[in-house]
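Visitor: curious how this folds, go ahead:
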Amino acid sequence: GLLADEVAKFPNLKRVHSDYFERKLPERLKRRRDELKLADIVVANSAFTAQSYVAVGVAPEKILTVHYGAPEVVINNVMHGGDGPLKVLWAGTFSIRKGAHYLLEAWRSLKLDGRAELIVFGAVTLPDDFIADLPRSVTIKPTIPRSELYANYSRADVLIFPTLADGFGMVVTEAFANCLPVITTSRAGAADLVQHGENGLIIEAASSAAIVESIEWCLSNRAKLGKMRDAARTTAASWQWSDYRRALSKGLRDKLAALHRARV
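Guide: Alright, predicted model coming up:
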């Protein structure tokens, strides 16, 4: 499993409960596969999720892929203007699955000299030694109300979401709705909505080097990064939850009609 692979590379990630979850994984996967076999229609929220279903034997024609919608676009009066240190934001659980350990490894290797700062909002589930002696440019804060988080989106330069496996990743659409470009990986379902170099950057997953390269790009392209705000906002505005509901309803009607035709 994913956790076992990461523990093999980073032995310090091993936790007391890791063995328990690894033991339970085959049972959980079998139950999920059994449920998928019984389904006539399987709804996926991204191409990444759809591919994972196909990988376990779901017929592609059973799958309906509809991306989750973005929150209503927020136009804030106070926007970070790109001056001062590059403000990199993390939102959500600071965990192995989200690639937090790769981010910290990358950040420690960067020679920033005050040029960038990383602000993390969310519960930390990494072992203590991973967050010990953090660089002064890293600030970790607890989970905050959504309204406060949105205000922090507007004051940042870029959201970083280096996930190792995420069916979607709603922090991406939240960031877009707040005019914030995103750095994420191809293993985030929401990467379907990221146009590399236009509203964000798509990087290799499980790679500290790729994270370093993306941060260095942002540092060297502050003006272009700032211009990505408009593209981020346009992406969110063009696919709202109302669009999701319409697409889901139509997709289900079409799939059900096809099933009916096949059975008569």
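Visitor: just the helices in the stretch 151-264 of the chain please.
Guide: Secondary structure of the stretch 151-264 of the chain, counting by DSSP state H, counting those that start in this stretch: helices at 170-177, 208-220, 222-238, 241-263.
Visitor: mind putting the ones you listed into a markdown table with mean neighbour count, mean pLDDT and distance to Phe121?
Guide: Every C-beta, even on glycine, is put in place using the N, C-alpha and C of the backbone. Supplementary listing: the helices of the stretch 151-264 of the chain in a markdown table, determined by neighbours: other C-beta atoms under 10 Å; pLDDT from 0 to 100; distance: least, C-beta to C-beta, whole Å:
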| stretch | mean neighbour count | mean pLDDT | distance to Phe121 |
| --- | --- | --- | --- |
| helix 170-177 | 26 | 98 | 10 |
| helix 208-220 | 18 | 98 | 18 |
| helix 222-238 | 17 | 97 | 19 |
| helix 241-263 | 12 | 96 | 23 |
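Visitor: state the number of residues packed around Asn45.
Guide: Asn45 is surrounded by 20 other residues when neighbours are defined as other C-beta atoms under 10 Å.
Visitor: wait, it touches Gly169, no?
Guide: No - taking C-beta atoms under 8 Å as the definition, Asn45 is not a contact partner of Gly169, at 9.7 Å.
Visitor: number of residues surrounding Tyr53?
Guide: Should you count by other C-beta under 10 Å, Tyr53 turns out to have 21 residues around it.
Visitor: if I read this right, it contacts Thr65, doesn't it?
Guide: No - taking C-beta under 8 Å as the definition, Tyr53 is not a contact partner of Thr65, at 9.6 Å.
Visitor: okay, and the common contacts of those two?
Guide: Residues touching both Tyr53 and Thr65 (C-beta atoms under 8 Å, 6 or more residues apart in numbering) are Ala44.
Visitor: what residue lies at the spatial centre of this protein?
Guide: Here the mean C-alpha position of the chain is nearest to the C-alpha of Gly169 (C-alpha atoms, centre = their mean), at a distance of 3.9 Å.
Visitor: let me see the contact set for it.
Guide: When contacts are counted by C-beta under 8 Å, 6+ apart, Gly169 is found next to Phe161, Thr163, Thr184, Ala188, Gly189, Ala190, Ala191.
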